[in-house]
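A.B. asks: Below is the structure, and that's it, no one-letter string:
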C-alpha cells in the first residue's frame, strides 16, 4: 500500500516541532541539575547537549524540506532544498551525533574501567568521518556504491557500540542496567534495520545502475549539479523506499540524541564488586 506523501510530510513536520520543544525542555532540565552533578560530568553533558541541538535543528530542517540526494528529488521548490546545502548541514549533524556517542562511551569506559569501551570511543569519530567522505562521494557522483559503504560503516559503528555496552554489563549496578539495556536494544534494532533494509536498498540500486550502464558525474560536474534546485515530486513510488529510514532518523534518532545528555554518570552506578576494586 502506498503512503500519501503529503500526509507523511505533515507527520515529519509536526514531530520536528515536538522535537524542538523537547530540546528546549532538555536544556531547562540540565540547567536545573547544574549543581547536583559532578562538574566534569556537567561540562561533558553541556557539550553533548550542544551536539544534540545541532542534530535536532538539522533534522527539523530536513523534515520541513525533505530531499533525496542522489536522485535530486525534493518536496519544496526552494533554494534551501538544494542537495549540496542539505548534505553540508547533514554532515555537521551526523558528526555531532557520533561525538555524543563517543563522549558517552568514553565516560562509561573510564568510569567502569573498560579498555574496549575507551578504544571504541576513540574510533567512532574517525569511522564516521570516513563514512561522511563516502556519503559526499555518493552525492556528488550519484553512485549508490558510496552509500552502500557509508551505511555499512554506520552499521559497523553500531556493532562496536553494542559490543562495548555488552562488555560493560557485568560492572553496572542492577538498578541502573535499565539504562544500558535501553541503549543495547536500540543498538540491536539499529543494526538489524541497517543490514536488512538500508544497506540492501542502496546495494540493489547500485546493481540496477551497473546493469543499466549508468554514467556517473565526476566531482566537478556533480558539484555543479548538486547546487541546482532539485526536482519537485510527490510521487509515492519515489518516496516510499525513503520513508522508513527518514521516519526513524527524524524521530527515534532525535529522541536518543536528546536523551543522551541525561544519561547517568557511570562512575556512580558501578556494581558493588567493581567499586571495591
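C.D. replies: Good, I have the coordinates. What you are looking at is a predicted structure, and each value in this text was computed from that prediction instead of being measured.
A.B. asks: so where's the protein uncertain?
C.D. replies: For the chain, the stretches with pLDDT under 70 are 266-277.
A.B. asks: how about the helices in it?
C.D. replies: Under the criterion DSSP state H, helices of the chain are mapped to 5-32, 39-64, 83-111, 115-141, 144-168, 177-193, 199-212, 219-226, 236-239, 243-249, 252-260, 272-275.
A.B. asks: OK, contacts around the spatially closest residue to residue 75 that is not a sequence neighbour?
C.D. replies: In this structure, residue 75 finds its nearest non-sequential neighbour in residue 66, 5.1 Å apart by CB to CB, 6 or more residues apart in numbering. C-betas here are computed from N, CA, C, even on glycine. Neighbouring residues of residue 66 by CB atoms under 8 Å, 6 or more residues apart in numbering: 9, 12, 74-75, 239, 242, 246.
A.B. asks: Out of those, which is nearest to residue 123?
C.D. replies: The closest of those to residue 123 turns out to be residue 246 (CB to CB; 27.5 Å).
A.B. asks: Please report how far the closest residue to the closest one other than its chain neighbours lies from residue 221.
C.D. replies: Distances taken as CB to CB, 6+ apart put residue 66 closest to residue 246, at 6.7 Å, once the chain neighbours are dropped. With distances taken as CB to CB, to the nearest Å, residue 66 is found 25 Å from residue 221.
A.B. asks: How about residue 9?
C.D. replies: 30 Å.
A.B. asks: Who has more neighbours out of the two?
C.D. replies: Set residue 9 next to residue 221 and count neighbours by other CB atoms under 10 Å: residue 9 wins out with 18 against 12.
A.B. asks: Now do the same contact list for that one.
C.D. replies: 66, 75.
A.B. asks: what about 6 Å?
C.D. replies: By CB atoms under 6 Å, 6 or more residues apart in numbering, the residues touching residue 9 are residue 75.
A.B. asks: Repeat that for residue 265.
C.D. replies: residue 41.
A.B. asks: Can we start the residue count at 385 from this point?
C.D. replies: Happy to do that; since the first residue is 385 now, the last one works out to residue 649.
A.B. asks: could the helices of the chain go into JSON lines alongside distance to residue 454?
C.D. replies: Listed next are the helices of the chain as JSON lines, based on distance: least, CB to CB, whole Å:
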{"stretch": "helix 389-416", "distance to residue 454": "18"}
{"stretch": "helix 423-448", "distance to residue 454": "15"}
{"stretch": "helix 467-495", "distance to residue 454": "8"}
{"stretch": "helix 499-525", "distance to residue 454": "6"}
{"stretch": "helix 528-552", "distance to residue 454": "6"}
{"stretch": "helix 561-577", "distance to residue 454": "20"}
{"stretch": "helix 583-596", "distance to residue 454": "8"}
{"stretch": "helix 603-610", "distance to residue 454": "10"}
{"stretch": "helix 620-623", "distance to residue 454": "12"}
{"stretch": "helix 627-633", "distance to residue 454": "14"}
{"stretch": "helix 636-644", "distance to residue 454": "21"}
{"stretch": "helix 656-659", "distance to residue 454": "48"}
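A.B. asks: quick one: the nearest residue to residue 493 once chain neighbours are set aside and residue 492, what's the gap?
C.D. replies: Of all residues not flanking residue 493 in the chain, residue 501 sits nearest, at 3.1 Å (CB to CB, 6+ apart). Distance, residue 501 to residue 492, using CB to CB: 6 Å.
A.B. asks: That's all I had, so thanks and see you.
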